[in-house]
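> here are the coordinates; sequence isn't available:
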């Protein structure tokens, strides 16, 4: 593995797996009972979120005491300067709460706002994606690359919808319908981190979404770029790390998919 971020990558993998074990202790395939609403009815938090985050923060603070940390449940204020770890202890909490195994732990590190290393770990699916700057991307240790699909009509895409979709007309619904008629298919799995990981692995050809947060996308952006893909804001607007808009593809369909998206 080349590059200067091997230590951070190894730590992200190891700590994400430990957090996954913490989550699995609370996992019930028939769904969970102890769920709290954080403000909007679709924005949930569970004991598993909090326990996994506490474990992750304990390890990061001990192993990297000089680094900043942005974490969804306890320290969500975005930091850009210096080295900053960005943590989502359980991406896909709604799935977790309903007994759906499509959820993940996402741990990434940025330097001056640029993702440099990270891991997305799906504990029930037993899949661990990792990447580091100039070190490539892997799935369970094996190298991965984005797909070679060049035709949007044959592309399999993935997206998601904001919690506040009843409140904001920029809710991605019209784009979902439009793209469903112009490609092979559009999926909605419910974990942005895993969506990005699947683009990196070549399972999916492209991904777009609105109104995300840095912890949703930091590690996944590193995965896609290190697997040979491209990540931008939609129509080139904004920084995808900050999550207002994100477009991630194999690079070959990037312009075509970007051109189909409206109302952004």
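Received it, and whenever you're ready, just let me know what you need. This structure is a prediction, so every number in the text was calculated from the model and none was measured.
> which parts of stretch 52-59 are buried?
52-57, 59 (16 or more other Cβ atoms under 10 Å). C-beta: built from backbone N, CA, C; applies to glycine.
> C-terminal to the helix or strand bottoming out on mean pLDDT in the chain, what's the next element?
Sorting the helices and strands of the chain by mean pLDDT, DSSP states H and E puts strand 35-37 at the bottom, at a mean of 65. Sequence order places strand 44-46 as the next helix or strand after strand 35-37, per DSSP states H and E.
> contacts for the helix or strand just after that next one next, please.
Counting by DSSP H and E, the next helix or strand C-terminal to strand 44-46 is helix 47-63. Applying Cβ atoms under 8 Å, 6 or more residues apart in numbering, the contact partners of helix 47-63 are 11, 15-16, 18-20, 22-23, 26-27, 32, 34, 67, 69, 71-74, 85, 87, 89-90, 93, 96, 105, 107.
> what's the average pLDDT for the following helix or strand past helix 47-63?
Counting by DSSP H and E, the next helix or strand C-terminal to helix 47-63 is strand 68-71. Here strand 68-71 scores 94 as its mean pLDDT.
> output the contacting helices and strands for strand 68-71.
Contacts defined by 3 or more Cβ pairs under 8 Å, 6 or more residues apart in numbering; DSSP states H and E place strand 68-71 against helix 47-63, strand 83-91, helix 214-226.
> let me know which of these is tucked in deepest.
Per residue and on average, the most neighbours among the helices and strands packed on strand 68-71 fall to helix 214-226, with a mean of 29 (mean count of other Cβ atoms under 10 Å).
> could I get the helices and strands packed on strand 68-71 as a markdown table with distance to residue 154 and mean pLDDT?
What follows is the helices and strands packed on strand 68-71, written out as a markdown table (distance: least, Cβ to Cβ, whole Å; pLDDT from 0 to 100):
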| stretch | distance to residue 154 | mean pLDDT |
| --- | --- | --- |
| helix 47-63 | 38 | 96 |
| strand 83-91 | 28 | 97 |
| helix 214-226 | 20 | 97 |
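> wait, which of the buried residues of stretch 52-59 is closest to residue 157?
Distance to residue 157, by Cβ to Cβ, is smallest for residue 52 among the buried residues of stretch 52-59, at 29.2 Å.
> contacts only, for the residue nearest to that closest one when sequence neighbours are not counted.
Closest residue in space to residue 52, ignoring its immediate chain neighbours: residue 89 at 3.7 Å, by Cβ to Cβ, 6 or more residues apart in numbering. By Cβ under 8 Å, 6+ apart, the contact set of residue 89 is 19, 23, 48-50, 52-53, 56, 71-73, 105.
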